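Enquirer: Any chance you can model this:
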Amino acid sequence: PLSGWLEAFEAHPRIGQKKHVQERESKEQAAAAATMNEDIATQMHALNEQYYDKFGFVFLICASGVPAPTILAALKDRINNKPAVEFQNAAVEQMKITELRLHKLVVEHTSGEGSAAATPSATAAGGAVRSPITTHVLD
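Expert: Predicted coordinates for the structure are as follows:
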């Protein structure tokens, strides 16, 4: 249900926000942090606020390996979406994040290595988003 997705979304900090970011999230956003500058940070902060006001949930993007300018461009693009479209986008990104984290946990547990290969798609056959799962209960 909708409430499950919203609960999963709210477990994430706003992208680019350093406060309350856990070590795992910090590693996932390392490429963004390495390419962040004051201008991008200012724009991202303002757009994050606008996004939350418009949609009622945080902007989600699977930021692993993604530089800050690319994240900012996605935020600028997605803020113009209709709420139903953006909810679908956020759900897909939530699934990507969850699958990446679960894959890393399995790889680390089974091989002791921290590297992760490609993960399965967040969408089911036909493009429908699967039901929400989150790794935040593991925190």
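Enquirer: can we go C-alpha only for contacts and neighbour counts from here?
Expert: Fine.
Enquirer: got the contact list for Arg78?
Expert: Glu86 (CA atoms under 8 Å, 6 or more residues apart in numbering).
Enquirer: How much space separates it from Ala63?
Expert: 15 Å (CA to CA, to the nearest Å).
Enquirer: One more: Tyr52?
Expert: The gap separating Tyr52 from Ala63 is 18 Å, by CA to CA.
Enquirer: of these two, who's got more company?
Expert: Neighbour count, other CA atoms under 10 Å: between Tyr52 and Ala63, Ala63 has more, with 21 against 14.
Enquirer: close enough to count as contact, Pro69 and Thr35?
Expert: Yes - look at Pro69 against Thr35 with CA atoms under 8 Å: they come within range, at 7.4 Å.
Enquirer: Compare the two (neighbour count), which wins?
Expert: Shown here are Pro69 and Thr35; by other CA under 10 Å, Pro69 has more neighbours (16 against 13).
Enquirer: what sits against the more buried one?
Expert: For Pro69, the contact set (CA under 8 Å, 6+ apart) comprises 32, 35-36, 40.
Enquirer: List the buried residues of stretch 53-65.
Expert: Using 16 or more other CA atoms under 10 Å as the test for burial, stretch 53-65 gives 55, 57-64.
Enquirer: then it to CSV, C-alphas only?
Expert: Extracted in CSV, the C-alpha atoms of stretch 53-65 (Å, rounded to 0.1, in the frame of the first residue of the first chain):
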residue,chain,number,x,y,z
ASP,A,53,6.5,20.5,-0.7
LYS,A,54,5.1,19.4,-4.1
PHE,A,55,5.1,15.6,-3.6
GLY,A,56,5.2,15.1,0.2
PHE,A,57,8.2,12.8,0.2
VAL,A,58,11.9,13.1,-0.2
PHE,A,59,13.6,13.0,-3.6
LEU,A,60,15.0,9.5,-4.1
ILE,A,61,17.6,8.4,-6.6
CYS,A,62,20.0,5.5,-6.5
ALA,A,63,23.1,7.7,-6.1
SER,A,64,25.7,4.9,-6.1
GLY,A,65,28.4,6.0,-8.5
